[in-house]
Each structure stands twice: as structure tokens, then as C-alpha cells.
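Novice: mind looking at a prediction? Sequence and model below.
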Amino acid sequence: MVRSVPRMRSQERCCSGPEIDRAAYVQGTVPTWKSFESGQAAQDVAGPLARLRKAGGWNGEAPTPHEDSRAGNPIAGRSAELLDRRIEAAADAQESCSALTSDSPFSEVWNRYRELKQSTWGVAQRKAISSVFEGGTERKKQQSVISAFGRRAVREITRDPLQRFLNGLALLGASYSVAKKVRTYLAATFQYAVDEKLIETNPARKLDLPTKLLQKKPCRRFYSLHEIQNLLAIAPPREHVVLRIFFVCGLRPSELFLLREDDVEPGRIRIDQALKEAEKGWNRLGQPGDTQTPGSAGCVTISRGLQQEIENWLMLRASQAPYHLTAVRAESDLLFPTEAGTPFRIGNYLKRVLKPLAAKANIHDVTYQALRRTCATYFQRHGRPRDVQAHLRHTDLATTGIYIQEIPEQVQRAVEDLDAELFRDIQDKLQ
């Protein structure tokens, strides 16, 4: 029987004994067999009880069924207490938000904006934004946004200190991505303050990105046709298919390593899920439709040749030797599973498989970004910028422009053709 990796984040995965994660056990997030037999998951015990307490409708005299479950199940009891605290904290936050004024410090406005917005952020995005805004940058000698402006009243902050701060980040070695995040979320936070009538104008609306001061320039590396041919010539069957999908389809690794057999349809590949590398366990799989961006979900066109190679790979997959020679390969419906039948770790596959393979082809700087950039760069020969945008599934055409790089040979041919068209008569006279 083929093992099907679940598409949804599993809420019903039970463990017992030494298999229970200690942190999860202490926090009371792991449901027990007893709770499932009674039809009531342990982590849901405290919901009605907490609501009764908040409403003042429970005097504690007669225990409820939920209270009985709490008394007989330490995991449920711990979970109930945690949920009560979270509900009370949410209620306190709701009450405190009405106290925001123009004299409120920037840190309070940021905290409120973050609480409202973080439900749309993934784990990796939330960690990246928090590290830039709230600290953890001493090692990089970069001041966080909160340490610079957190105590200042939101009405006192103007564009000048914000721009100076952004310029200082660039001079201290911040990357393009960090500088862009700071500008984006500063503008969003102050716009929230404007919408809440705390201030009249947004001081961060017209901040300039200090591209000339950035010491870490955006990487523009893509691979030449000669490098691509050399790499594919030495690639084993699995890596040949993987690289061909990267070069032709421009998929992100989080999308490629979660592809399933039924995602390959005639003439296209369906993208409806992406790995969440910052998560652990089954949470890495996300949920259906949980892609990197809302616009990433969709279908990517493939050629007949690529579809035939994928079908050939499915027949050869069972005979592929596992990475660990002593391992027993598990069956899976994933297109490129590990020997355990699970998705690859994105970083592990790059380090253990692609980099050693590329080194044999004399390519020592292989990255997933460069593979996707290579697809975008050569695709422009065969389609318009809007076609490239649709193929890479970018929401903004400006983002596609970052991936597309100039091809020197193509530019040279274009210049020669332009010169021949404009000055053909003069050239004939000179000859």
C-alpha cells in the first residue's frame, strides 16, 4: 500500500510513551487516547468553561463535564489553564487597544499592529520581521527599530529620523531584503496609526530605499547554457528530473519537494501547497492552498518532453538507491520522497545532493534562487514580461523584473540588428 503523506496539518495524530515531544507534553498540546474515545479532544476542554467564567455564569459549585475531564486528565487540565490565560490575554489586549493615543509610544502601536497582522504571516516571515523590529541584531551591530523608536511618542516621529535609520542600516551591512522589510513595515505601522486617527500623516510613506549605500547587493547570478548542459549531463535520473523542473518551470524548492503524483496533469503541474521549513513535524506540510503567497497557488505549464520524463521517473523511482544504503525505502505518493517517504529538507537536499553534483560540473555557487533566476532569464527569449510573471506566479511585475537578467549574447545580437536596420544605407556606402 502506498503511503499517502497528508495534505492537511494533522490534528488527530496521537502519540504515547517516549514518542511524545516533551515540550508538547508539558504544554498540554498532545491529545490522549482517552480524550478521543470520549469524543472530546483534550485541548478543546476549556473553551466553554472559559467563556462561562468570563461571563460570570459559573459559580464553581457544581462541576461540569469539562471540569471532570480536567480533573481526571493532567494534560487536559494544563491545556485548559493555558487556553484560559490566552483568552484573558486577548481580552486585555482588546481593552488596551482603545487606550492608544497620539502620545502612545511607537512600541505599543507596533505591538498592536503586529497582533492584528501576524495571523497572515507564516512562521519564517514572523521570525524575520520580529528579528528586525524587536532585536536580536547585536551580533550584526544593527540597531533594532524598537530600540531606536520604541519609547518615542508616535506623533513625534518624522520622516527625517526614519530615513537616517534606514541609511544607517545600509551602512552597517544590512541586506537589501532587511532594508526593504524595515521600510515596508514602518510604512504599514504608521498607516495603521493614521487609520486609527492617532496621527494625521504617514511619515514613512515616502521613505527611499538606500540602494546605493547597501554593501550586500542583490545576487544576479544565473547559469549559462554551457553550465546547464554540463550539469544535466552528469545528473542521475532523479536529479535530472528535479533540475529540469527547476530550469523549465522555475518552481520554488518548497513547492517542488511537496509535489505528489496526482499533481502532474496533462500539460501542467498543479501547485496547491508548499513546505513550511520553519515548522516541525507534520506542521511542515501546511494546509491545502497554503502556498508561499496567495498568488503562488495555480498551475504551471510543462512541455511534453518534461511530462514524459516525469512519467519515466515514476517507473524508475522504486529502483532508486536510498541515500542511506542500510535504509529500507518507504512507499509514498510524493514525487520526490526521501527513503522514509517524507519530503526532503530543503537545506539538506541542497547541501548533500545538489552542491556535490554541481561541483563535479565545476559550478561552486549553486543556489535555489539562481536556479529560479535562470528560468526567468531564458524564458524572456520566448515570451513577454507578463508571460514570465505568469509562469513564475508573481503578483507584482516588478518582482519578476528582479529575477530577469540580461543575456549578453542576446543584447549583442539586438544591437547588431538595430544598427543594421537604422544604418544599412550608410554601411553599404562605406563598403
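Specialist: Nice, I can see it.
Novice: pLDDT below threshold where in the stretch 101-250 of the chain?
Specialist: 122-123, 136-142, 215-218 (pLDDT under 70).
Novice: same question but for the stretch 301-431 of the chain, I mixed them up
Specialist: 318-331, 419, 422, 424-431.
Novice: which residues of it fall in helices?
Specialist: 304-316, 346-349, 355-360, 368-379, 385-392, 397-403, 408-422, 424-430 (DSSP state H, counting those that start in this stretch).
Novice: possible to save the ones you listed as TSV with mean neighbour count?
Specialist: All C-beta spots, glycine's among them, are computed from the backbone N, C-alpha and C. Shown next, in TSV, are the helices of the stretch 301-431 of the chain (neighbours: other C-beta atoms under 10 Å):
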stretch	mean neighbour count
helix 304-316	13
helix 346-349	15
helix 355-360	15
helix 368-379	20
helix 385-392	18
helix 397-403	15
helix 408-422	10
helix 424-430	9
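Novice: tell me which of those approaches V182 most closely.
Specialist: helix 397-403 (18.0 Å; C-beta to C-beta).
Novice: contact partners of that closest one?
Specialist: 218, 372-373, 376-377, 385-386, 388-389, 392, 394 (C-beta atoms under 8 Å, 6 or more residues apart in numbering).
Novice: redo those as CSV? Include distance to L285.
Specialist: Shown next, in CSV, are those (distance: C-beta to C-beta, whole Å):
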residue, distance to L285
P218, 31
R372, 22
R373, 27
A376, 27
T377, 31
P385, 33
R386, 32
V388, 29
Q389, 28
L392, 23
H394, 24
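Novice: most widely separated two among those?
Specialist: Going by C-beta to C-beta, the pair spanning those furthest: P218 and R386, at 22.2 Å.
Novice: outline the domain layout of the chain.
Specialist: Domain segmentation of the chain under automatic domain parsing yields 26-97, 106-195, 225-410.
Novice: can I get the ones you listed in JSON lines with distance to D417?
Specialist: Listed next are these as JSON lines, based on distance: least, C-beta to C-beta, whole Å:
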{"stretch": "domain 26-97", "distance to D417": "62"}
{"stretch": "domain 106-195", "distance to D417": "34"}
{"stretch": "domain 225-410", "distance to D417": "11"}
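Novice: please name whichever of those is nearest to K212.
Specialist: Of these, nearest to K212 by C-beta to C-beta is domain 106-195, at 8.4 Å.
Novice: how far does that closest one stretch from start to finish?
Specialist: Chord length of domain 106-195, first to last residue, is 15 Å (C-alpha to C-alpha, to the nearest Å).
Novice: now stretch 345-365
Specialist: Stretch 345-365: ends 19 Å apart by C-alpha to C-alpha.
Novice: cool, and stretch 200-220?
Specialist: End-to-end distance (C-alpha to C-alpha), stretch 200-220: 40 Å.
Novice: quick check: buried residues in that stretch?
Specialist: For stretch 200-220, burial by neighbour count (16 or more other C-beta atoms under 10 Å) applies to 202-204, 207, 210, 214.
Novice: which residues are contacting that stretch?
Specialist: Under C-beta under 8 Å, 6+ apart, the answer for stretch 200-220 is 157-159, 162-163, 166-167, 169-171, 173-176, 179-180, 183, 186-187, 189-191, 193-194, 367, 369-370, 373, 402, 405.
Novice: quick one: which of these sit in helices?
Specialist: Judged by DSSP state H, the contacts of stretch 200-220 include 159, 162-163, 166-167, 169-171, 176, 179-180, 183, 186-187, 189-191, 193-194, 369-370, 373, 402 as members of helices.
Novice: and these, which are buried?
Specialist: Buried among the ones in helices among the contacts of stretch 200-220 (16+ other C-beta under 10 Å): 159, 162-163, 166-167, 169-170, 176, 179-180, 183, 186-187, 189-190, 193, 370, 373.
Novice: before we move on, the earlier item: N230: which of the helices of the stretch 301-431 of the chain is closest?
Specialist: Across these (criterion: C-beta to C-beta), the nearest stretch is helix 355-360, sitting at 8.9 Å.
Novice: which other residues reach that closest one?
Specialist: With C-beta under 8 Å, 6+ apart, helix 355-360 has contacts from 231, 234-235, 239, 364, 366.
Novice: wait, R112 touches L100, no?
Specialist: Yes: if you go by C-beta atoms under 8 Å, R112 and L100 touch, sitting 6.5 Å apart.
Novice: got any residues that touch both of these two?
Specialist: Counting by C-beta under 8 Å, 6+ apart, R112 and L100 have no shared contacts at all.
Novice: once you drop chain neighbours, what's closest to F222?
Specialist: T374 (4.2 Å; C-beta to C-beta, 6 or more residues apart in numbering).
Novice: so what's the one you found up against?
Specialist: So T374 contacts 222-223, 228, 246-247 (C-beta under 8 Å, 6+ apart).
Novice: from R372, how far out is the residue nearest to D365 when sequence neighbours are not counted?
Specialist: Nearest in space to D365, with sequence neighbours left out and distances taken as C-beta to C-beta, 6+ apart, is R221 at 6.3 Å. Going from R221 to R372 by C-beta to C-beta, to the nearest Å gives 11 Å.
Novice: likewise for F246?
Specialist: Taking C-beta to C-beta, one finds F246 at 7 Å from R372.
Novice: repeat that for A414.
Specialist: When A414 is compared with R372 (using C-beta to C-beta), they lie 24 Å apart.
Novice: what does T201 give?
Specialist: T201 is 39 Å from R372, by C-beta to C-beta.
Novice: can you pull out the strands in the stretch 151-300 of the chain?
Specialist: 264-265, 268-271, 298-301 (DSSP state E, counting those that start in this stretch).
Novice: quick one: strands adjacent to the last one?
Specialist: Neighbouring strands of strand 298-301 in its sheet, by DSSP bridges, are strand 268-271 (antiparallel).
Novice: can you pull the buried residues of the strand it pairs with?
Specialist: 269, 271.
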